[in-house]
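Undergrad: next come a sequence and a model predicted from it.
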Amino acid sequence: MIDRLFAHFFGYLIVSVSGKDRVRFLNACATKGIPQWAVRTRSNSILMYTSIAGFKAMRRPARQQRCEVRVLGRHGLPFMLQRMQRRATFSWGAVFFVLLLWFLSSFVWFIEIEGSETVTTAELGAYMRTQGLYVGAWRTSPDLDGVASAILREYPELVWAGISIAGSRVHVKLVDKVVVTPPLRMPGDVVAAKSGVLIKVIATSGQAVATNGQTVSPGQILIRGEVVIEEQVAGQVMAEGIVEARVWYEAFGHAQVSRSVQRPTGILAVTEVVRVGIREFFVAGARVSPFELYESTVAKRILLPGVEHITITYRELALENEVVSVEVARLEAAGNAKAMINELLPEHTVVVDKKLTEQWSLDGNTVTVRVLVEAHEDIGQFIPY
Amino acid sequence: MPSLKNLIGAVVDLPRDLVLNLPRITLVGDLQLVIENHRGIEDFDGSYVRIALERGTLVINGDDLTLRSIHADEIVVDGSIKALLFEEDANDR
């Protein structure tokens, strides 16, 4: 590896040695310490690599062994510099390019701001401009710590600001202050949010005015926000407690025994569109679906930035009459009803009982399943005075 | 005389290659062969290399053989090495 680096640095030649005693020539070169490497044969000659000094030193043994040494290639830094001397404009262009790149990378080209929901990017960008940090600024001129401190002074809603620079990209990271407000404590009652039969009433603050087993309706006071001492109201407090009740939910699911369904006929129509920016060019196929009843799928492929190839496939559908068994219709209706019940049930509700009853329509085509669910849940809702 | 050198080498426990002026040959798999203390190249082709030694000739047979480097005391042969053969000189027999 080091040898190769040296060879590139000082230059090396690929030479061809021809002549009857070319093998003796190799031995003579080795004896004189002339560098030679990657030696291989080619028809009636030998190809090898040698240094510039080695090539000069080869003249004598070549003459002695009556061999002809021809240069096939010149490589390495000295020859590259030689070529560059001949192409001065190119060389100066390369130097100019490197200098231009260095010069352009000395400016701030991008500013990324993240982390704040209270301070907008535009607002902060305008402020940082006044502090000397903006797109186009000399990247070493702004004092980043100073700008970060200035941002914190200007925006008290921020708790931390950090600015780092990587290449020509400035990264501004902000952290908003989080103000923790204690929960408001104001006097008020706990009332029933929905109808039900109470199974547990525990007042941790205030006076319970409802009892277990009582049927309550929405808005009815369950825990009153009062402090009672010796049957006298001594003051008002925020009523708190646990109020659990048996609550019922009801839903109906329907399904038909004889119904019309949409089935694909197998006939397709494909439309191909090329979208350039906001403009669309129809390449093949109809502009609108040739079928009255259809379903369609759209596949997009990006050809170039801003250029998309869109393939719209229309599948024709036909209405068909389908008759299912009573059992299938009943299961479908029950499934629909249960799905509706699940949407109605709030989170953390304990379902204690579920009853399904079946009803048929007058024409005998529609089956309706009623689901009645009994659940235990907290129905208390705080209402301030 | 070599037998006397051999005997002296065995008695004083010296490396044989130093005492008997033998080549030291290192084979790396079938990819590379390093020969130290050689006496020059006798013949060379892509399929064989003949290297003169103190006593006899080493013949290396293989495919795509190249001489990675040639120095006065060391030769490195690269390629797919198939066989090594030591030929004795007629004078040594």
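TA: Thanks, I have it.

Undergrad: going by C-alpha atoms from here, please, whenever you check contacts or count neighbours.
TA: Fine.

Undergrad: near chain A, which residues of chain B are found?
TA: The interface of chain B toward chain A, taken as Cα under 8 Å from any Cα of the partner chain, is made up of B:40-46, B:65-72.

Undergrad: the same query, at a cut-off of 6 Å, please.
TA: B:40, B:45, B:66-69, B:71-72 (Cα under 6 Å from any Cα of the partner chain).

Undergrad: so which of these belong to strands?
TA: B:66-69 (DSSP state E).

Undergrad: TSV for the residues of chain B next to chain A, including neighbour count and pLDDT?
TA: Converted to TSV, the residues of chain B next to chain A look like this (neighbours: other Cα atoms under 10 Å in any protein chain shown; pLDDT from 0 to 100):
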residue	neighbour count	pLDDT
B:Gly40	25	92
B:Asp45	19	89
B:Thr66	25	94
B:Leu67	23	94
B:Arg68	20	93
B:Ser69	19	92
B:His71	21	91
B:Ala72	18	89
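
Undergrad: pull the most distant pair out of these.
TA: Across the residues of chain B next to chain A, no pair lies farther apart than B:Asp45 and B:Ala72, at 19.7 Å, counting by Cα to Cα.

Undergrad: and the helices in the chain?
TA: No chain in the question, so chain A it is. Under the criterion DSSP state H, chain A contains helices at A:2-10, A:22-31, A:52-57, A:59-64, A:77-86, A:88-104, A:121-130, A:144-154, A:326-344.

Undergrad: switch to chain B, please.
TA: Using DSSP H, the helices assigned to chain B run over residues B:2-12, B:16-19.

Undergrad: re earlier: tell me which of the helices of chain A is the most buried.
TA: Sort the helices of chain A by mean neighbour count, taking mean count of other Cα atoms under 10 Å in any protein chain shown, and helix A:22-31 sits at the top with a mean of 21.

Undergrad: and the contacts of that helix?
TA: Among residues not part of helix A:22-31, those counted as contacts by Cα atoms under 6 Å, 6 or more residues apart in numbering or on different chains are A:65, B:40, B:71-72.

Undergrad: cool, and stretch A:156-168?
TA: Among residues not part of stretch A:156-168, those counted as contacts by Cα under 6 Å, 6+ apart are A:105, A:108-109, A:144, A:148, A:170-177.

Undergrad: among these, which ones are buried?
TA: Neighbour-count burial (16 or more other Cα atoms under 10 Å in any protein chain shown) applied to the contacts of stretch A:156-168 gives A:108-109, A:144, A:148, A:170-176.

Undergrad: distance from stretch A:189-202 to the middle of the chain?
TA: The gap between the average C-alpha position of stretch A:189-202 and the chain average comes to 46 Å, counting by Cα atoms, centre = their mean, to the nearest Å.

Undergrad: buried ones in that stretch, by neighbour count?
TA: Using 16+ other Cα under 10 Å as the test for burial, stretch A:189-202 gives A:189-202.

Undergrad: specify the beta-bridge partners of A:Glu272.
TA: Note on A:Glu272: beta-bridge partners by DSSP bridges are A:Ala284, A:Thr311.

Undergrad: next, work out how far apart it and B:Val12 are.
TA: Distance, A:Glu272 to B:Val12, using Cα to Cα, to the nearest Å: 92 Å.

Undergrad: okay, the two: which has more neighbours?
TA: With neighbours defined as other Cα atoms under 10 Å in any protein chain shown, A:Glu272 and B:Val12 compare such that A:Glu272 has more, 19 against 8.

Undergrad: any stretches of the stretch 151-300 of chain A with poor pLDDT?
TA: Applying pLDDT under 70 to the predicted model, the stretch 151-300 of chain A contains no residue that meets it.

Undergrad: and the residue of it nearest chain B?
TA: The stretch 151-300 of chain A approaches chain B most closely through A:Gly167 (44.4 Å), counting by Cα to the nearest Cα.

Undergrad: and the gap between that residue and A:Phe110?
TA: Going from A:Gly167 to A:Phe110 by Cα to Cα gives 10 Å.

Undergrad: do B:Asn61 as well
TA: Here the criterion is Cα to Cα. By it, B:Asn61 lies 64 Å from A:Phe110.

Undergrad: for these two, indicate the residue with more neighbours.
TA: For B:Asn61 and A:Phe110, the more surrounded residue by other Cα under 10 Å is B:Asn61, and the numbers stand at 20 against 15.

Undergrad: just checking, that one touches B:Leu85?
TA: No - between B:Asn61 and B:Leu85 no contact is recorded; they are 8.2 Å apart, counting by Cα atoms under 6 Å.

Undergrad: who does the most centrally placed residue in chain A bridge with?
TA: The centroid of chain A falls nearest to A:Glu114 when counting by Cα atoms, centre = their mean (16.0 Å). Here A:Glu114 sits in beta bridges with A:Lys173, going by DSSP bridges.

Undergrad: I'd say it and A:Lys173 touch.
TA: Yes - because the distance of 5.3 Å satisfies Cα under 6 Å, A:Glu114 is recorded as touching A:Lys173.

Undergrad: tell me the domain ranges of chain A?
TA: Domain segmentation of chain A under automatic domain parsing yields A:2-80, A:110-176, A:188-245, A:252-256+A:324-377, A:259-321.

Undergrad: between the ones you listed, which one is nearest to A:Phe96?
TA: For A:Phe96, the closest of the domains of chain A is domain A:2-80, at 18.0 Å, according to Cα to Cα.

Undergrad: re the thing from before, of the buried ones among the contacts of stretch A:156-168, closest to A:Phe291?
TA: Top of the list for closeness to A:Phe291, among the buried ones among the contacts of stretch A:156-168 and by Cα to Cα, is A:Trp109 at 53.8 Å.

Undergrad: contacting residues around that closest one?
TA: Listed by Cα under 6 Å, 6+ apart, the contact partners of A:Trp109 are A:135, A:168.

Undergrad: for A:Thr130, see how far away it is.
TA: According to Cα to Cα, A:Trp109 stands 17 Å off from A:Thr130.

Undergrad: A:Thr89 now?
TA: As judged by Cα to Cα, A:Thr89 and A:Thr130 stand 43 Å apart.

Undergrad: go on, A:Ala30?
TA: Distance from A:Ala30 to A:Thr130, by Cα to Cα: 73 Å.

Undergrad: ok, now A:Leu13?
TA: Counting by Cα to Cα, the gap between A:Leu13 and A:Thr130 amounts to 61 Å.

Undergrad: likewise A:Gly93?
TA: Here the criterion is Cα to Cα. By it, A:Gly93 lies 38 Å from A:Thr130.

Undergrad: need the residues of chain A near chain B, please.
TA: For chain A, the residues in contact with chain B (Cα under 6 Å from any Cα) are A:27, A:30-31, A:37-41.

Undergrad: among those residues, which pair sits farthest apart?
TA: The widest separation within the residues of chain A next to chain B (Cα to Cα) is 20.3 Å, between A:Thr31 and A:Thr41.
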